[in-house]
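Participant: next come a sequence and a model predicted from it.
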Amino acid sequence: MGSTNSTLLKIPNVEVLMQETGFSPAHIIRLHDRFKALDKEGRGHLCPQDFGAIKELAMNPIGDRIIGAFFSPGKETVDFDTFVKILAHFRPVDKDRPKELNSPEPINSRSNKLRFAFQLYDQDKDGKISRDELLQVLRAMLGMQVTEEQLESVADRTIQEADLDRDDAISFEEFRKSLEKINIDNLMSIRFLR
Amino acid sequence: MELKMFLLVSGLLVGSLVALGGASGSPAKGCKDNKPPVIEKDCHEPAKNRTDKKENETVKKSFPVLSLDYENVRLPFEISLWVLMASLMKLGFHLMPRLSSIVPESCLLIVVGLLVGGLIKLVGEVPPVLESKIFFFYLLPPIILDAGYFLPIRQFTENLGTILMFAVVGTLWNAFFVGGLLYGVCQLQSANLGDVNLLSCLLFGSILSAVDPVAVLAVFEEIHINELLHILVFGESLLNDAVTVVLYHLFEEFSNANTITATDVFLGVVCFLVVSLGGIVVGAIYGILAAFTSRFTSHTRVIEPLFVFVYSYMAYLSAEVFHLSGIMALIACGAVMRPYVEANISHKSHTTIKYFLKMWSSVSDTLIFIFLGVSTVAGPHEWNWIFVGATLFFCLVARVLGVIGLTFVINKFRIVKLTSKDQFIIAYGGLRGAIAFSLVYLLSCDHFPRKNMFLTAIITVIFFTVFVQGMTIRPLVDLLAVKKKQETKRSINEEIHTQFLDHLLTGIEDICGHYGHHHWKDKLNRFNKKYVKKCLIAGERSKEPQLIAFYHKMEMKQAIELVESGGGSKLPSAMPSTVSMQNIQPKRSSQERALPQLSKAREEEIRKILRTNLQKTRQRLYSYNRHTLIADPYEDGWNEMLIRRKKMKDLEKKMNNYLTVPAPPSDSPSVARARLTSDPQVRGLKSATKNIPSIKVDFASPQNPESFSVEDEFRQKGSQPKESKEDDGGLTMKVPSPEKQKKDKTPDEEPQQRLMRCLSDPGPAAEEEDEDDPFLP
């Protein structure tokens, strides 16, 4: 236990971090180890190349988007705090957390999870998923196997189904509504991070 | 009224069944004694033959015109009669709506079985018993195949851990708890059960512990609970077959041997693994074979369903050869072959498979319950209050305790926990059924002297669970407000986002360095896409990503629905198309409009096209004569038929020509011209047709060509009184008035509805001309 305590002390703002994200000390340590493993040059922060070195991520169709999500706009590096906060989105929801009225919504709430996913679609951050953005995602996921026309029909249909206010784009509310039947808690949680 | 007729028919059937059952009876009865007198009474010829033969060999016997030879067809005849009666019973229950909403079907069928068995016994014959061989080889496989083929794979794999826990650990717990406690009860002096040894009790417990898939399906299908609970209970009932098989054989073997060593126990565990995994492997092999075969069936579409059925049945039988779990083999076969077979076979074969499976499983299900009732009446019973009561009590208690205990452990590992409501439903849904009965029936009398008592006990438990639990689960589900199944189908949004989220989570898992659920799923998908699909799916479809396949399926479904409902004036061209079916779909925001909104000018143009083309068809049949047109072809059915045939041909041609999205208007006049060249009259309308886009309008569904003839007839009829000149002149005169009227009436639905109404009324009279006006717009 002594070693863990010392590791914990090495991480700045550990208490605040644990409070905000809800991770247990063991998790923080595990994530810290992983952070250090990714940060091969030991700089204390990660840059896109470090993420790119993860082999499986390169094969992921939306890998670059995921990497991009870690970097806040304008910043070129990811420090441990941001790393943990982003990963906190994928913690399973604690059903028995007491609802404190004044505390902000936990990072891993359903709404925040959905918002994270929405931001991955919405690259230009205008609050809506436009047809082009949807097309980009579809193209990334479906790759070379599909003709452009098919992609466009799929995109058209998707927007038509979800778009309630007929502005030809999907806002966050519409996004949330179209996924109301899906168990997001289940779908966007990683057991490892409990 | 129809209920009374139905009852009469079924009464007759049951009567005949009883009579035949009596006449042919069980083999022990010596049916051959009964036969000759019956035959001789009914038929004179054979008697005459016999007398003739006795007299003189040389006298030629007269040719038997009519003879009765029941023995020849006895077996298939009886089987068919039973199946027919079972199906009629099922029909009857649904004719009585109130009854079928209170009592689940399985209960009613058991009651019917009891009645039939009672009747047969009254007649003095021995009622047939549900033979285990027939049950396991003919009645059970269709139900299991139906369940396995349509297993929702995603939910199943997501909850696999939970299902396995319930199936394996839960069944083991049930078996040992019930068996052990029963042995304790048997040891009581007062029970007079001293000769029931521990192994018999354990064997009985293991047979009793298995939740029955047939009963669960029968009851759960009617209550429509949410998918999670359904898959949990149902998956458990399927997977516990392996446990039951192993325990059954284990205890049966042990009852022969006198000592049990640790090696035996260890071998038992190994046996369990072999049985279950072996069953799955056998099923998977046959599944892959079936998928591979379906790759080549593009030229013989008719026998595609046959491959699905035969390969699955072979999987079941092959597993049974090695005493592996046949049920798991069947499930594995169905689940493995489904994605590949469905990509390869035609749409009609898919429908055939679906309906055949549902039909067979429905018939099997009905027969099983009826036979259960009959066997209850038939089977030798030995009632022992203590034993039966204890069995029932321990069974229920074991189930409840097992579920609670297991859920406590499982919830530590689940993301979505099981609430106590869920636990209650899981415990309550643990129904026992015919599998348990057949397994007890298979016990040999030498090793198990109290077999009859076991039979009685197990029948009591089955009856209790099916009747009491089956009947009360529906009101309880409503009372507890358990979430019901969502009826809406998956939208493409959900599909896209689910895939997106899958990729996202896989990425996050990679970043965390954690090889979790998503990581392996992703690897499996990649392997599937790269190698397996290429082998097992024919042609181009092997490269089709899942999303596109889903999209195509949705569009096709929607297109079929649209055509069947007779709506839509736009149909997209064959894929790929930039016009999604969504454009055709009625938007709920526009209230009554069932058809897509068209501008009025366009509507009018469309109608003009139709009118001119249809009129032209009409005129091709008849030489122009104003007077004969009044004498409507409805007087002469033959002419009507000619018209209809013509319409069908034209309709097909039109559909082929006009199946395009709204094209620039420049196309239409040429096309219209090409069609109308032979008709000089219609040239007059050419100016009006200038702006008509080449849109095909099917006012009614294409399968209903009569609609056109009727409509056309109406138009003709309508135009009669008004015209003073040529026919087509009358038509041109008619044109302005419907336009005017049309401007008043907006909804498009009206013509549709009137069309439908008119279809049912084939005989137009002159008075109906007034109806034509609103008909036309």
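Facilitator: Okay, I see it. Numbering: from 1, shown residues only, chains lettered A, B, ... in the order given.
Participant: keeping just the C-alphas, turn the strand or helix carrying B:V563 into CSV.
Facilitator: Using DSSP states H and E, B:V563 sits within helix B:546-565. Extracted C-alpha coordinates of helix B:546-565, given in CSV (Å, rounded to 0.1, in the frame of the first residue of the first chain):
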residue,chain,number,x,y,z
GLN,B,546,-23.6,-4.7,-42.6
LEU,B,547,-24.9,-1.1,-42.5
ILE,B,548,-25.7,-1.1,-46.2
ALA,B,549,-27.4,-4.5,-46.0
PHE,B,550,-29.5,-3.1,-43.2
TYR,B,551,-30.4,0.0,-45.2
HIS,B,552,-31.4,-2.1,-48.2
LYS,B,553,-33.6,-4.3,-46.0
MET,B,554,-35.3,-1.3,-44.6
GLU,B,555,-35.9,0.3,-48.0
MET,B,556,-37.2,-2.9,-49.4
LYS,B,557,-39.6,-3.3,-46.5
GLN,B,558,-40.8,0.1,-46.8
ALA,B,559,-41.3,-0.2,-50.6
ILE,B,560,-43.3,-3.4,-50.1
GLU,B,561,-45.4,-1.7,-47.5
LEU,B,562,-46.0,1.3,-49.7
VAL,B,563,-47.0,-0.7,-52.7
GLU,B,564,-49.3,-2.9,-50.7
SER,B,565,-51.0,0.0,-49.1
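Participant: give the buried residues for it.
Facilitator: For helix B:546-565, the buried set under the neighbour-count rule, 16 or more other C-beta atoms under 10 Å in any protein chain shown, comprises B:546-548, B:550-552, B:554-555, B:558, B:562. Yep, even glycine has a C-beta here, placed from its N, CA and C like the rest.
Participant: does chain A have contacts with it?
Facilitator: Yes: Helix B:546-565 is in contact with chain A by C-beta under 8 Å from any C-beta of the partner chain, via B:547-548, B:551, B:554-555.
Participant: quick check, nearest of these to B:F77?
Facilitator: The closest of the residues of helix B:546-565 next to chain A to B:F77 turns out to be B:M554 (C-beta to C-beta; 47.0 Å).
Participant: enumerate the residues of the stretch 101-250 of chain B near chain A.
Facilitator: Close to chain A, as judged by C-beta under 8 Å from any C-beta, the stretch 101-250 of chain B has residues B:E158.
Participant: element containing the residue positioned nearest the centre of chain A?
Facilitator: For chain A, the residue nearest the mean C-alpha position is A:F116 (5.0 Å; C-alpha atoms, centre = their mean). Assessed by DSSP H and E, A:F116 sits inside helix A:110-121.
Participant: likewise B:F307?
Facilitator: Using DSSP H and E, the element containing B:F307 is helix B:304-321.
Participant: what pLDDT does the model give residue 63?
Facilitator: If you meant another chain, say so; for now it's chain A. You'll see A:G63 listed with a pLDDT of 82.
Participant: actually, chain B is the one I wanted.
Facilitator: 85.
Participant: one more: the one 4 residues further on?
Facilitator: According to the predicted model, the pLDDT of B:S67 comes to 84.
Participant: list the buried residues for the helix or strand where B:I508 lies?
Facilitator: Per DSSP H and E, B:I508 falls inside helix B:492-512. Buried residues in helix B:492-512, counted by 16+ other C-beta under 10 Å: B:492-512.
Participant: hmm, the helix or strand following the helix holding A:F116 in reach of chain B?
Facilitator: Per DSSP H and E, the first helix or strand lying C-terminal to helix A:110-121 is strand A:128-130. No: shown here: strand A:128-130 not in contact with chain B (C-beta under 8 Å from any C-beta), separated by at least 10.5 Å.
Participant: what lines up beside strand A:128-130 in the sheet?
Facilitator: Under the criterion DSSP bridges, strand A:128-130 sits next to strand A:169-171 (antiparallel) in its sheet.
Participant: and B:V440, what does it touch?
Facilitator: B:204, B:207, B:451, B:454-455, B:458 (C-beta atoms under 8 Å, 6 or more residues apart in numbering or on different chains).
Participant: ah, wrong one, I meant B:M453
Facilitator: Here B:M453 is in contact with B:382-384, B:387-388 (C-beta under 8 Å, 6+ apart).
Participant: ok, B:Q486 next?
Facilitator: Residues near B:Q486 by C-beta under 8 Å, 6+ apart: A:181, B:226.
Participant: what about it, which SS state?
Facilitator: coil (DSSP: H, G, I helix; E, B strand; the rest coil).
Participant: tabulate the residues of helix B:546-565 next to chain A (CSV), appending pLDDT.
Facilitator: Shown next, in CSV, are these (pLDDT from 0 to 100):
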residue, pLDDT
B:L547, 73
B:I548, 75
B:Y551, 77
B:M554, 78
B:E555, 79
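Participant: just to revisit the earlier point, tell me the helix or strand right after the helix holding B:F307.
Facilitator: Going down the chain from helix B:304-321, the next helix or strand is helix B:326-344, by DSSP H and E.
Participant: quick check: buried residues in the following helix or strand past that following helix?
Facilitator: Remark: after helix B:326-344, the chain's next helix or strand is helix B:347-378, criterion DSSP H and E. For helix B:347-378, the neighbour count (16+ other C-beta under 10 Å) marks B:349, B:352-353, B:356-357, B:360-378 as buried.
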